[in-house]
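Trainee: here are the coordinates; sequence isn't available:
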């Protein structure tokens with residue numbers, strides 16, 4: 001308990017330092033945050049558009065400036081050695097993909113076990129254009145009973161921020177229509193690489209959409 005308390009105290013002490021570094025980074029590139037982060041304890045934060053390696057440092061800087069402590073999934077081997085110390089410090093959560101429990105269930109369990117947690121998920125799953133978004137973010141939020149919040153980096157305006165929380169209904173197409181509407185005017189660093197917000201489950205539910 002004493003060690004845990006010390007760690008929390010250290011984390012609180014680091015907040016002003018991180019906020020300062022975040023502000024310096026954003027200012028240096030002409031970026032700024034807009035809007036207020038959701039005042040809810042737990043949610044899945046969509047990270048999109050995701051078309052460049054620059055997305056991570058900008059997202060990290062924005063989280064420090066806004067005071068949102070993000071957590072994100074990473075393959076467990078990423079956390080081995082000295083680099084693992086850094087990745088854990090900036091919110092990384094090691095996930096063992098070959099375990100019996102899959103990644104989605106591991107994240108559901110993590111959200112259920114915490115009183116406050118913002119889980120960042122790059123729903124496109126890759127920086128290259130694909131046909132579909134990966135649906136993990138959707139199933140994690142539904143399984144944990146938490147909303148999704150569309151986060152964004154708009155390189156056209158050099159702004160980043162948060163949308164309104166979306167309580168998923170289980171009607172995949174209707175839920176995704178709301179998400180599509182949100183990202184319709186958001187521009188990634190490489191717009192041609194942005195995968196439009198669409199899940200395979202939508203077309204499986206209505207084969208006519210395949211035509």
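Mentor: Structure received. None of the values given here were measured: they were computed from a predicted structure.
Trainee: Could you name the helices and strands sitting against the helix or strand containing residue 109?
Mentor: For residue 109, the element it lies in under DSSP states H and E is helix 103-113. The helices and strands touching helix 103-113, judged by 3 or more C-beta pairs under 8 Å, 6 or more residues apart in numbering; DSSP states H and E, are strand 70-75, strand 92-95, strand 117-121, helix 136-144. Placement of C-beta: from N, CA and C, glycine included.
Trainee: Let me know how buried residue 16 is, in neighbour terms.
Mentor: 10 (other C-beta atoms under 10 Å).
Trainee: rewinding a little: output the helices and strands packed on helix 103-113 in JSON lines; the columns should cover distance to residue 176, mean neighbour count and mean pLDDT.
Mentor: Formatted as JSON lines, those follow (distance: least, C-beta to C-beta, whole Å; neighbours: other C-beta atoms under 10 Å; pLDDT from 0 to 100):
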{"stretch": "strand 70-75", "distance to residue 176": "21", "mean neighbour count": "18", "mean pLDDT": "81"}
{"stretch": "strand 92-95", "distance to residue 176": "25", "mean neighbour count": "18", "mean pLDDT": "75"}
{"stretch": "strand 117-121", "distance to residue 176": "15", "mean neighbour count": "23", "mean pLDDT": "94"}
{"stretch": "helix 136-144", "distance to residue 176": "8", "mean neighbour count": "21", "mean pLDDT": "95"}
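Trainee: ranges for the strands of this structure?
Mentor: 32-34, 42-48, 70-75, 92-95, 117-121, 148-154, 159-162 (DSSP state E).
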